[in-house]
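>>> Could you look at this predicted model? Sequence included:
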Amino acid sequence: MPLPSLVSHHIELLTLNSNEAPLYKDAVPGIPGVDVQPLMLDPHAGIWAVRALIHPGVTFPTHFHTGTVHLWTLSGRWHYVEYPEQPQTAGSYLFEPGSSIHTLQTPKDNAGPTEMVMVVTGSNVNFDGAGNYVGLLDANSIIQMIDHLIKERGLDPARYIRPQAPDYTVR
């Protein structure tokens, strides 16, 4: 079988060293203690990859996933309030199918932040404790959130992979 035809030519690898890219402290409005490092944000395909450090005692809003999630816990521990008997610890990989609903929480007694990397397709639709809609988290809203933090805090421009038609680039 011959080598397939080239659909799109890449001049360079789409790679990012997370040790050299900025980590945005307290990046998520309304949820203190969540530091975010965007790795790849593709609003066209609805896919986002981020590294997050979640400090002890943080509880996210209950959220509904419109797509799948691949989540690797690199350090620390966390659990879903709905599944306390299944804590996720360093080395855990979690797959979440679309239509999952849950509430992420880091224990107050964690020694330090929990580090994770996630690749998400679609959106997190967020709800408050009474089940009322409070917001949406997706590739586009993360781009807006990071751009706002950069402007508000006078930070250097973000560096992450951002696919753009017709080519992919590292921004």
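Perfect, I can see it now. Numbering: from 1, shown residues only.
>>> tell me the pLDDT at the most centrally placed residue in the chain?
Most central residue of the chain, judged by C-alpha distance to the mean C-alpha position with CA atoms, centre = their mean, is Val50 at 3.7 Å. The pLDDT attached to Val50 in the predicted structure is 98.
>>> Ile146 looks like it's in a strand, true?
No: Ile146 is assigned helix when assessed by DSSP: H, G, I helix; E, B strand; the rest coil, not a strand.
>>> Would you check how far apart the residue nearest to the centre of the chain and Pro163 are?
With the distance defined as CB to CB, to the nearest Å, Val50 ends up 15 Å from Pro163. C-beta: built from backbone N, CA, C; applies to glycine.
>>> count of residues packed around the residue lying closest to Ser75 once chain neighbours are set aside?
Closest residue in space to Ser75, ignoring its immediate chain neighbours: Glu115 at 4.5 Å, by CB to CB, 6 or more residues apart in numbering. The burial metric for Glu115, expressed as a neighbour count using other CB atoms under 10 Å, is 17.
>>> And Trp78, by the same measure?
22.
>>> now stretch 112-129, how far from the chain's geometric center?
6 Å (CA atoms, centre = their mean, to the nearest Å).
>>> List the buried residues for that stretch?
When neighbours are counted by 16 or more other CB atoms under 10 Å, the buried residues of stretch 112-129 are found to be 113-118, 120-127.
>>> hey, what's Thr89 bridged with?
Thr89 has the following beta-bridge partners by DSSP bridges: Arg77.
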